[in-house]
Every structure is written in structure tokens, then in C-alpha cells.
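Undergrad: Coordinates for the following, if possible.
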Amino acid sequence: RFAAVSIVPNERTETLIRGLARHMVEFGGLPLLAVFDRPRTIVKKGGKGRDVEQWNSTFAQAVVELGINVEMCAPRSGNQKGSVERLVGWVKNGFFKPQKFVDEADLEAKLAEWVRRINHDVPCRATAVFPETRRREELPRLRPIKVAPEKLALRIPAFVGPTAEVVFEGVAYMMPPEATHVPATIF
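TA: Model (predicted):
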């Protein structure tokens, strides 16, 4: 099981999308499905089982542009979420617990070395195959990445207020006066 791990500053939609896109590049392509829990960065309103009534529009646009198929875990279904939770626990217990870090650069360097080691030097206990070997075998089955992460333009819904301003992440941006009271998209 090839792994990619990132340290991120927050859990916002943009952070999730850009991290996902970078990891797909590390994997060498897109798998058939990417499975997610149901965070608000992805699902605005859930439905029954795995159904989603309303997606986070920025996330939905980005996965379509990237070409990633998404499957959601059903709410309150530990049997489906188990693989996600086990992965989180594996990184916490396998990397974070036994380590001490001097600063953020030290953390990043140690994490990169740990990920390299678990992918290249440690065989999978279930298959006795190195994860990098398995990833190379699976490359022909992965689909090509449609958009490079650095070229992905996110579309964030907004509204132009009565003073012709759009506020994004606490910063007000002036718009033309004719744009007042109009829905907008921030790129």
C-alpha cells in the first residue's frame, strides 16, 4: 500500500483539493475511486447511505476538472470508515509518536524520509511486496491526470454586496458598480 502523507495548515476545501491533486501526481495517476469520509469541505448536505444531496461546489468542480471519481462512506458506518481511520492511526502511531521535532523543517524532513522508507524499504505484511513495487505494477491501471495541481483554478461561489465588494477570507475586493447584488465566482 503506497502512501503519501502531507502536513497541512488547515482543513479547508482548497487545502484538501490541492493536497489530493499533489498526491495523485505522487501516485502516478488517478485510481478508479477516491474514498472519503463526509467532512463539510466535501459534503454540504448528506442523503441516505452514501448519497449526497448537496456537494461543496468548489470540491465538486475541482474533482470534475481533475478527473477524480469520488465515493463517500455512509454516515455512522464504522465498517466503511475503518480503512480511513486505520490509515490515520497508522501515521500517528508509526510516525508521530516515536519522533521528536526541532522545528517545522525537521518535521518535514523526517516525514519525507519516513514515507520514502515505508514505500521503498518495508514490505507489506499482507503481501510481502514493497509498496513501490506494487505501485509500479499498478501504473498501467491508473488514469492520466487531467490538470496539474499548480494549474488548477478553483472556483469559489461568492456574492457581490450592495457596496460592490466581494469578501474572501476576510479581505474585501472591489467590483464594478454594475456587479452589485449579483452572484459571483472567485477564481
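
Undergrad: what's in contact with the helix ranked longest in the chain?
TA: Taking DSSP state H as the criterion, the chain has its longest helix at helix 104-120. With C-beta atoms under 8 Å, 6 or more residues apart in numbering as the contact definition, helix 104-120 has outside contacts at 2-5, 7, 94-95, 99, 101, 130-132, 135. (Glycine included, C-beta is placed from N, CA and C.)

Undergrad: who does the helix or strand that that helix is followed by touch, helix- and strand-wise?
TA: The first helix or strand that comes after helix 104-120 along the chain, using DSSP states H and E, is helix 131-138. Counting contacts by 3 or more C-beta pairs under 8 Å, 6 or more residues apart in numbering; DSSP states H and E, helix 131-138 packs against helix 104-120.

Undergrad: can you pull the buried residues of the helix it packs on?
TA: 107, 110-111, 114-115, 118-119 (16 or more other C-beta atoms under 10 Å).

Undergrad: would a markdown table of the contacts of helix 104-120 with neighbour count, pLDDT and distance to T15 be doable?
TA: As requested, the contacts of helix 104-120 are exported to a markdown table (neighbours: other C-beta atoms under 10 Å; pLDDT from 0 to 100; distance: C-beta to C-beta, whole Å):
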| residue | neighbour count | pLDDT | distance to T15 |
| --- | --- | --- | --- |
| F2 | 20 | 88 | 22 |
| A3 | 17 | 90 | 19 |
| A4 | 14 | 92 | 15 |
| V5 | 16 | 93 | 14 |
| I7 | 9 | 92 | 11 |
| G94 | 14 | 90 | 23 |
| F95 | 16 | 93 | 20 |
| Q99 | 12 | 89 | 23 |
| F101 | 13 | 94 | 21 |
| F130 | 17 | 96 | 30 |
| P131 | 19 | 94 | 25 |
| E132 | 14 | 96 | 26 |
| R135 | 18 | 94 | 24 |
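
Undergrad: Pick the one among those closest to M174.
TA: Taking C-beta to C-beta as the measure, M174 lies nearest I7 of the contacts of helix 104-120, at 35.3 Å.

Undergrad: That closest one: what's it in contact with?
TA: 104, 107-108, 111.

Undergrad: which one of these sits closest to G46?
TA: Within the contacts of I7, proximity to G46 (C-beta to C-beta) peaks at L111, which comes in at 32.5 Å.

Undergrad: quick one: contacts for V182?
TA: 159-160.

Undergrad: okay, it: pLDDT?
TA: V182 carries a pLDDT score of 86 in this model.

Undergrad: next one: R76
TA: pLDDT, read off for R76, is 67.

Undergrad: Could you do P177 as well?
TA: Note on P177: pLDDT of 88.
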